[in-house]
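> After the sequence you'll find the predicted model.
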Amino acid sequence: NAGVTQTPKFQVLKTGQSMTLQCAQDMNHEYMSWYRQDPGMGLRLIHYSVGAGITDQGEVPNGYNVSRLNKREFSLRLESAAPSQTSVYFCAISTSSWYEQYFGPGTRLTVT
Amino acid sequence: SQKIEQNSEALNIQEGKTATLTCNYTNYSPAYLQWYRQDPGRGPVFLLLIRENEKEKRKERLKVTFDTTLKQSLFHITASQPADSATYLCALGTQPSNTGKLIFGQGTTLQVKP
């Protein structure tokens, strides 16, 4: 997980609460993305960014907002958490979607 | 609809044998296909990338093939070891290259028995 940090590592929320997951990189890559991983579903792309201020939707964007204020950081916000958002969230960075992705260690989120 | 399919059943093989994992896709025109390894509780780690104009790629004991006619990639681990036990994920890069998405399959778990 070289060069990619995610905070927090674990989080428990109640339904309706909000929170922001943080991702930061020190590899100077343009492309950053957020995935969620659920048993039997694999990794599903939530949102991605090709540069500061430029974001786009992935496969499962509903219920999530993202922000890329600078090249280094990409945050994922849950405005009103739901139990269906219980998952492991991974941030990944790269020079583009087509090249080697470097994943962070993940954030394990439980919504009760 | 677009689909990426990996065998959801775990693959169990004996140490020393060759493991072969399959990645099939429909309704995609990927220019790249990637393979990752994921250990429990950790993020995926990149293994190999193969381009659509490449038939085969090798790295040490790993070999990947890419058949755009069959819409299939095969991932081989030769002389497998218990340390190769993990979940292996394939991923397709969609067009265009600078703004496209990387979409993953659900992964296949490999168990290598000593």
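Everything's here; your move.

> Give the buried residues for the worst-scoring helix or strand of chain B on mean pLDDT.
Least confident helix or strand of chain B, by mean pLDDT, DSSP states H and E, is strand B:102-104 with a mean of 87. In terms of neighbour count (16 or more other CB atoms under 10 Å in any protein chain shown), strand B:102-104 has its buried residues at B:L102, B:I103, B:F104. Glycine gets a C-beta too; all of them are placed from N, C-alpha and C.

> Distance to chain A added to these, as TSV?
Output for those, formatted as TSV (distance: CB to the nearest CB, whole Å):
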residue	distance to chain A
B:L102	4
B:I103	6
B:F104	4
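
> just checking, what packs against the longest strand seen in chain A?
As assigned by DSSP state E, the longest strand anywhere in chain A is strand A:42-51. When contacts are defined as 3 or more CB pairs under 8 Å, 6 or more residues apart in numbering or on different chains; DSSP states H and E, strand A:42-51 sits against strand A:31-38, strand A:54-57, strand A:65-67, strand B:86-93, strand B:102-104.

> Between strand A:31-38 and the fourth one, find me the angle.
Read it as strand B:86-93. Orientation of strand B:86-93 against strand A:31-38 (axes from the mean of the first three to the mean of the last three CA atoms, to 10 degrees) gives an angle of 130 degrees.

> Average pLDDT for strand B:86-93, rounded please.
For strand B:86-93, the mean per-residue pLDDT is 93.

> can you check the first one too?
Mean pLDDT, computed over strand A:31-38, is 96.

> Let me know the angle separating it from strand A:42-51.
160 degrees.

> Tell me the strands beside strand A:31-38, with direction?
strand A:42-51 (antiparallel), strand A:87-94 (antiparallel) (DSSP bridges).

> do the same with the last one
Strand B:102-104 sits in its sheet next to strand B:86-93 (antiparallel), going by DSSP bridges.

> Need the contact partners of the partner strand.
A:42-43, A:97-98, A:101, B:4, B:6, B:21, B:23, B:25, B:28, B:30-39, B:44, B:47, B:73, B:75, B:100-110 (CB atoms under 8 Å, 6 or more residues apart in numbering or on different chains).
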